[in-house]
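Engineer: Got a predicted structure here, sequence first:
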Amino acid sequence: MPEESLPFFVYGTLRSGGRNHAAHLTGRCADIRPAVLDGAALHDGPGYPYAVPDATPGRRIVGELITVRPGAYAGALAALDRLEDCRADGTGLYVRRRLPVRTAAGEVRDAWVYLAGPAAANRLREHPAVIESGDWADR
């Protein structure tokens, strides 16, 4: 059964102007709008960011909600899963989860979010590298 065609919440190199946006999303986007993922902390990889669920009050990640054109969706999903080493068994560098995000207009939408996979999340919980602003562009 095909996965639901949700928009993607991106918060690092996949954001507009980022190197991976240019490589994997340019020409595939129908809509890009500012958004926030509440209840998660942004960590420095180093070199690239990780999102880790975090119940600390006020913790959030700044990013973009990207809607991919329907005809480009399957290719974009496959490319992003490969880029993020997102594996079906959940052991990859990142895991893809359906989570609610909030747009700048206050609308709440479900989106695919790439969170730190189990090994990376455990490492970051033991040795946090939190970007306090929650914004990869402001680290």
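Structural biologist: Noted; the coordinates are in hand. Numbers count the residues shown, from 1 in each chain.
Engineer: CA atoms for contacts and neighbours, from now on please.
Structural biologist: Fine.
Engineer: Please enumerate the strands of this protein.
Structural biologist: For the chain, the strands defined by DSSP state E occupy 8-10, 29-38, 40-44, 49-53, 60-68, 94-103, 108-116.
Engineer: Let me know how buried R82 is, in neighbour terms.
Structural biologist: 12 (other CA atoms under 10 Å).
Engineer: confidence score at it?
Structural biologist: As predicted, R82 sits at a pLDDT of 97.
Engineer: Who are the contact partners of the closest residue to P128 other than its chain neighbours?
Structural biologist: In this structure, P128 finds its nearest non-sequential neighbour in H43, 7.1 Å apart by CA to CA, 6 or more residues apart in numbering. With contact set as CA atoms under 8 Å, 6 or more residues apart in numbering, H43 has these partners: P49, Y50, A51, V52, L124, P128, A129, V130, I131.
Engineer: contacts for stretch 17-30?
Structural biologist: Against stretch 17-30 from outside (CA under 8 Å, 6+ apart): 12-16, 66-69, 72-73, 76, 79-80.
Engineer: Now these in CSV, please, with extra columns for distance to D135.
Structural biologist: Putting these into CSV (distance: CA to CA, whole Å) gives the following:
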residue, distance to D135
G12, 8
T13, 11
L14, 13
R15, 11
S16, 13
I66, 16
T67, 20
V68, 22
R69, 26
A72, 28
Y73, 26
A76, 24
A79, 24
L80, 20
